[in-house]
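the amino acid sequence is not available; the structure is as follows:
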């Protein structure tokens, strides 16, 4: 899939795996919510590379440095037999944050949803610059809820 209004986005391929591992590790460290499990990340990447429900859009040269990624999955809504496209992670590398890459990846997500004729569920879960990220998403998507996280005291 290639769309005119997100010209820098392409579908990831196996040559991007090392860079996807690097960027997902950075995203996890920045998020700070949970520990990083490379085996689980590899399992998701495998779903995409084997075309079994994972969808990965990336920005950067094939086999070279990636600047940003969007991980999505086609899955059933937990309380229904209906399927939807669920965004798992959207990350722009720190050196590329003054770009339009996040917006292009959001457009790519919307277009993927339209091509598949499935609802898209996308959100923000972050410990870094949460409010600016929420404002960006509000400009791109209608609000249908919110995330809240409680961390129990150790």
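That came through, no problem. If you're wondering where the values come from, they're calculated on a predicted model, not measured in any experiment.

residue 120 against residue 113, yeah?
Yes - applying CB atoms under 8 Å, one finds residue 120 in contact with residue 113, separated by 3.8 Å. C-beta coordinates here come from the backbone N, C-alpha and C atoms, glycine included.

what do the two both touch?
Residues touching both residue 120 and residue 113 (CB atoms under 8 Å, 6 or more residues apart in numbering): residue 85.

contacts for the lowest-mean-pLDDT helix or strand in the chain next, please.
Among the helical and strand segments of the chain, the one scoring lowest on mean pLDDT, DSSP states H and E is helix 130-140, with a mean of 78. Helix 130-140 has contacts (CB under 8 Å, 6+ apart) with 102-103, 106, 110, 122-124, 126.

which of the residues you listed fall within strands?
Secondary structure assignment by DSSP state E places none of the contacts of helix 130-140 in strands.

farthest-separated two in those residues?
Across those, no pair lies farther apart than 110 and 126, at 20.4 Å, counting by CB to CB.

the strands in this structure, which residues?
Going by DSSP E, the chain shows strands at 9-11, 54-60, 66-76, 83-92, 119-121.

the first one - contacts with which helices or strands?
Right, the one you point to is strand 9-11. strand 54-60, helix 101-116 (3 or more CB pairs under 8 Å, 6 or more residues apart in numbering; DSSP states H and E).

could you say which of these is packed most deeply?
strand 54-60 (a mean of 23; mean count of other CB atoms under 10 Å).

contacts for that one?
Contacts for strand 54-60 (CB under 8 Å, 6+ apart): 6, 8-12, 16, 19-20, 44-48, 66-74, 85, 96, 101, 104-105, 108-109, 112.

what mean pLDDT does it have?
In this model, strand 54-60 has a mean pLDDT of 96.

next, the angle from it to strand 83-92.
30 degrees (axes from the mean of the first three to the mean of the last three CA atoms, to 10 degrees).

could you check the angle strand 54-60 makes with strand 66-76?
Going by the same axes, to 10 degrees, strand 54-60 makes 170 degrees with strand 66-76.

next, the buried residues of the least confident helix or strand of the chain.
The neighbour-count check on helix 130-140 (16 or more other CB atoms under 10 Å) flags 133-134, 137 as buried.

hmm, back to that, any chance of the helices and strands packed on strand 9-11 in JSON lines with distance to residue 39 as columns?
Output for the helices and strands packed on strand 9-11, formatted as JSON lines (distance: least, CB to CB, whole Å):
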{"stretch": "strand 54-60", "distance to residue 39": "15"}
{"stretch": "helix 101-116", "distance to residue 39": "25"}
